[in-house]
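>>> Output the structure for:
(2 chains)
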Amino acid sequence: DTEVTQTPKHLVMGMTNKKSLKCEQHMGHRAMYWYKQKAKKPPELMFVYSYEKLSINESVPSRFSPECPNSSLLNLHLHALQPEDSALYLCASSQDLGAGRWETQYFGPGTRLLVL
Amino acid sequence: AQSVTQPDIHITVSEGASLELRCNYSYGATPYLFWYVQSPGQGLQLLLKYFSGDTLVQGIKGFEAEFKRSQSSFNLRKPSVHWSDAAEYFCAVGAGSNDYKLSFGAGTTVTVRA
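Numbering: from 1, shown residues only, chains lettered A, B, ... in the order given. This is a model prediction of the structure:
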């Protein structure tokens, strides 16, 4: 099974709201990722977690705050977002990271976020 | 740094016809190559991947891709397209020491007409 689940599927929030996106995988993967995808564009990497520790932050604004409570869960906390942050937010996971070889990334269905 | 080019922004194909999507990459050594498909409003689904070995790779949904080192290409093919194949297709490359950052092509939108 190569399933990554994400909740909610859709989210509408105001610029003063605080909300969270959730991602879960039960494949025993030790690396998890957040991507942002604008319409008609490829995904852009935001964060990478490896063994529950933040490994990579691709210069993402602090209004996005990731969290990895355990090896199966990845959250993205949102605060004071701007309308231009409206996008599809994708979570992905892979077996491992930093082992000197590439591992396949498996993506979830995404959360479509609209910031008003 | 590696780069990926998908020359075709949009392809329209008749149902039952064959489909070929082009992908070219720029990297000095052999990269790790992936094709993902994204249906409208959905996440990315892995169609197939090439890491090493046989250069003709079989994937899900009847897709295959061929790695050609001499042409730096990894083109995706399907002999007979179904209406459900209408989607966005992304070629992605993993290369270099950063074994986490995929380089995606811009994507090709496939429209299937009856």
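>>> from here on, contacts and neighbour counts on C-alpha atoms
Will do.
>>> Can you report how many residues lie near B:Thr12?
12 (other C-alpha atoms under 10 Å in any protein chain shown).
>>> Over to B:Ala65?
B:Ala65: 27 neighbours (other C-alpha under 10 Å).
>>> List the residues that contact it.
B:48, B:56-59, B:74-77 (C-alpha atoms under 8 Å, 6 or more residues apart in numbering or on different chains).
>>> what is it paired to in the beta sheet?
B:Val57, B:Leu76 (DSSP bridges).
>>> what about the residue nearest to B:Arg22 when sequence neighbours are not counted, distance to chain A?
Spatial nearest neighbour of B:Arg22, chain neighbours left out: B:Asn75 (4.6 Å); criterion: C-alpha to C-alpha, 6 or more residues apart in numbering or on different chains. Using C-alpha to the nearest C-alpha, to the nearest Å, we find B:Asn75 at a distance of 18 Å from chain A.
>>> B:Asn75 contacts B:Leu21, doesn't it?
Yes. With contact defined as C-alpha atoms under 8 Å, B:Asn75 reaches B:Leu21; the gap is 5.6 Å.
>>> More neighbours: these two, which one.
More crowded of B:Asn75 and B:Leu21, by other C-alpha under 10 Å: B:Leu21, with 23 against 19.
>>> What's the local residue count around the residue lying closest to that one once chain neighbours are set aside?
Excluding its sequence neighbours, the residue lying closest to B:Leu21 (C-alpha to C-alpha, 6+ apart) is B:Leu76, at 5.0 Å. Around B:Leu76 sit 24 other residues, with neighbours defined as other C-alpha under 10 Å.
>>> how about B:Leu76, what does it touch?
Taking C-alpha under 8 Å, 6+ apart as the test, what B:Leu76 contacts is B:19-23, B:35, B:63-66.
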